[in-house]
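Engineer: predicted model, plus sequence, below.
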Amino acid sequence: MKLSTKELVQTALLLAICIASQYFKNLSVYITGPVVNAVIIIAVLGAGLWSGLLISLVAPVTAFFFTGSPIMAAIPLMFPVVMGGNMVLAVCVWYFQEKKDWRFKLPVGMVVGSLLKAAFMGLVAVLVLLPLFGENVASKLPKPEMLPKVLATAKVTFSLTQLITALMGSFLAFLIWLPLKKYLKNGG
């Protein structure tokens, strides 16, 4: 993994945008999620796959420090699941953009990446981690009787919500990438 100075600076700037957006996570995951997904996609397109993968790894950790999710605190294995989901999105966008010659390869890569991210996170988090370790969450809650509601919310958050925010982020990234690609191509 070798990033040029320009790619490193672009990655740092995109990571700063990602971290700044995480301050709004307590307002709505539908604000932060699309921004984080868009940043990952733009990092892949603008600075390369390694940049997108790096942000994919760092974003869940910084998000936890800002919002302190009881699910993530009680089930630390959720960190690699979120990182893996982000990486799936990054690799799909990169693969379709770099390895395919289709006319609509970028939007297809974004949609496929969003679907696979949600499927991966849903399968691992909802079908494996929450059933195995869900009871651990009760110790992190102010009222343990909230556990069934918290777990039900977590199941939606780590599956359907991931799909929605990844698709929203893909749309946002696509809109940003169209003019940004021209700027970067002209030496920006």
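Structural biologist: Now that the structure is in, tell me what you want to look at.

Engineer: tell me the pLDDT of the residue with the largest distance to the centre of the chain.
Structural biologist: Going by CA atoms, centre = their mean, the residue of the chain most distant from its centre is Glu145, 30.2 Å out. The model reports Glu145 with a pLDDT of 86.

Engineer: how close does it get to Met72?
Structural biologist: 21 Å (CB to CB, to the nearest Å). Placement of C-beta: from N, CA and C, glycine included.

Engineer: kindly report the same for Ala47.
Structural biologist: 27 Å.

Engineer: who has more neighbours out of those two?
Structural biologist: More crowded of Ala47 and Met72, by other CB atoms under 10 Å: Ala47, with 24 against 21.

Engineer: show me what the host helix or strand of Leu54 is packed against.
Structural biologist: When elements are assigned from DSSP states H and E, Leu54 belongs to helix 49-67. When contacts are defined as 3 or more CB pairs under 8 Å, 6 or more residues apart in numbering; DSSP states H and E, helix 49-67 sits against helix 5-22, helix 29-47, helix 70-74, helix 78-99.

Engineer: how about it as PDB, C-alpha atoms only?
Structural biologist: Output in PDB follows, covering the C-alpha atoms of helix 49-67 (Å, rounded to 0.1, in the frame of the first residue of the first chain):
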ATOM      1  CA  LEU A  49      -8.800   1.800  -3.500                       C
ATOM      2  CA  TRP A  50      -6.300   2.000  -0.600                       C
ATOM      3  CA  SER A  51      -7.700   5.400   0.300                       C
ATOM      4  CA  GLY A  52     -11.200   4.100   0.400                       C
ATOM      5  CA  LEU A  53     -10.100   1.100   2.400                       C
ATOM      6  CA  LEU A  54      -8.300   3.200   4.900                       C
ATOM      7  CA  ILE A  55     -11.400   5.400   5.500                       C
ATOM      8  CA  SER A  56     -13.500   2.200   5.700                       C
ATOM      9  CA  LEU A  57     -11.400   1.000   8.600                       C
ATOM     10  CA  VAL A  58     -11.100   4.300  10.500                       C
ATOM     11  CA  ALA A  59     -14.700   5.600  10.200                       C
ATOM     12  CA  PRO A  60     -16.400   3.000  12.600                       C
ATOM     13  CA  VAL A  61     -13.700   3.700  15.200                       C
ATOM     14  CA  THR A  62     -14.100   7.500  15.100                       C
ATOM     15  CA  ALA A  63     -17.900   7.200  15.000                       C
ATOM     16  CA  PHE A  64     -17.800   5.100  18.200                       C
ATOM     17  CA  PHE A  65     -15.700   7.700  20.000                       C
ATOM     18  CA  PHE A  66     -18.200  10.500  19.000                       C
ATOM     19  CA  THR A  67     -21.400   8.700  19.700                       C
END
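
Engineer: the helix or strand hosting Lys182 to helix 78-99, inter-axis angle?
Structural biologist: Assigned by DSSP H and E, Lys182 falls within helix 160-185. For helix 160-185 against helix 78-99, the angle by axes from the mean of the first three to the mean of the last three CA atoms, to 10 degrees is 40 degrees.

Engineer: okay then, goodbye and thanks.
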